[in-house]
Structure formats: C-alpha cells, structure tokens
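[1] what follows is a predicted protein model with its sequence.
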Amino acid sequence: MSVKVGDVCRHVRSKQAGPFWVTIDLFFDGAENYEKYHKHPALSPALIEKLYGAPADQVGFYHVDDLAVVKISYPRASVQGGMVERDLHSGQQYVRLLDVELT
C-alpha cells in the first residue's frame, strides 16, 4: 500500500514568508507518523527543486519535534506581487506535496 504525505499529515499548509520566500508546514497526525516519516528520503531539497523549481541548495528543512511538524522554506520563483505572480500569498503551494509517496 502506498503512503502519501496527505495520508500521514493532519494538516498541510503553505504561506508566504516575506516577498522572497515560501514556507510549507507539514503537521503530522501523531508522534508515531512524525518519527517514521519526518526524515524520509522522499522529503528532500531535490524534491522541492523538482516540484517548485527552487535551487536545492537554498531549500531549508526544519524539524519541530515537540509539535510533530516539518517546516520547508524555499525561495519564490518570482517576487511576491510581481508581474507573473499566480499565488500572492502562496496559500496553494502545498498541494503538490500531498501526493508525494513515502513508501
């Protein structure tokens, strides 16, 4: 059976982190799933580069053990509010991660 990010997280959200950065928060649905998946090889800077076009060497992963949360930060492809902006507040960016397989 295939396990996806959306299956092991109770909440996934994305938001703008200033005009040049996006942050995605993965709220795992418990300590067990957090321990099992928070450092899964599929969740990597290379994945963020593939999905969002952000340079892998500029992607940050931050683990908040007490909250069972992983924060992922990466530079925006274009500045917030710029001419080619499609998601001003980055509120829809998380969707691409929901179907990432963790098996």
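    All right, it came through fine.
[2] what's the closest non-adjacent residue to Val22?
    Of all residues not flanking Val22 in the chain, Ser90 sits nearest, at 4.5 Å (C-beta to C-beta, 6 or more residues apart in numbering). For every residue, glycine as well, the C-beta is placed using N, CA and C.
[3] quick check, the one you found in a helix?
    No. Using DSSP: H, G, I helix; E, B strand; the rest coil, the secondary structure at Ser90 is coil, not a helix.
[4] contacting residues for the residue nearest the centre of the chain?
    By C-alpha atoms, centre = their mean, the mean C-alpha position of the chain lies nearest to Ile24, the distance being 3.9 Å. By C-beta atoms under 8 Å, 6 or more residues apart in numbering, Ile24 lies in contact with Val12, Arg13, Ser14, Lys71, Ile72, Ser73, Gln93, Tyr94, Leu97.
[5] which of those are buried?
    Val12, Ser14, Ile72, Ser73, Gln93, Tyr94, Leu97 (16 or more other C-beta atoms under 10 Å).
[6] ok so, going back, residue contacts, the residue nearest to Val22?
    Ser14, Lys15, Gln16, Ala17, Val22, Thr23, Arg76, Gln80.
[7] at 10 Å instead, please
    Arg13, Ser14, Lys15, Gln16, Ala17, Trp21, Val22, Thr23, Ile24, Arg76, Gln80 (C-beta atoms under 10 Å, 6 or more residues apart in numbering).
[8] can you tell me how far it sits from Glu35?
    28 Å (C-beta to C-beta, to the nearest Å).
[9] ok, Val64 next?
    Val64 is 13 Å from Glu35, by C-beta to C-beta.
[10] how long is stretch 27-38 end to end?
    10 Å (C-alpha to C-alpha, to the nearest Å).
[11] give the buried residues for it.
    Neighbour-count burial for stretch 27-38 [16+ other C-beta under 10 Å]: Phe28, Asn33, Tyr34, Tyr37, His38.
[12] go on, stretch 89-102?
    For stretch 89-102, by 16+ other C-beta under 10 Å, it's Ser90, Gln93, Tyr94, Arg96, Leu97, Val100, Leu102.
[13] rounded mean pLDDT for that stretch, please.
    Averaging pLDDT along stretch 89-102 yields 90.
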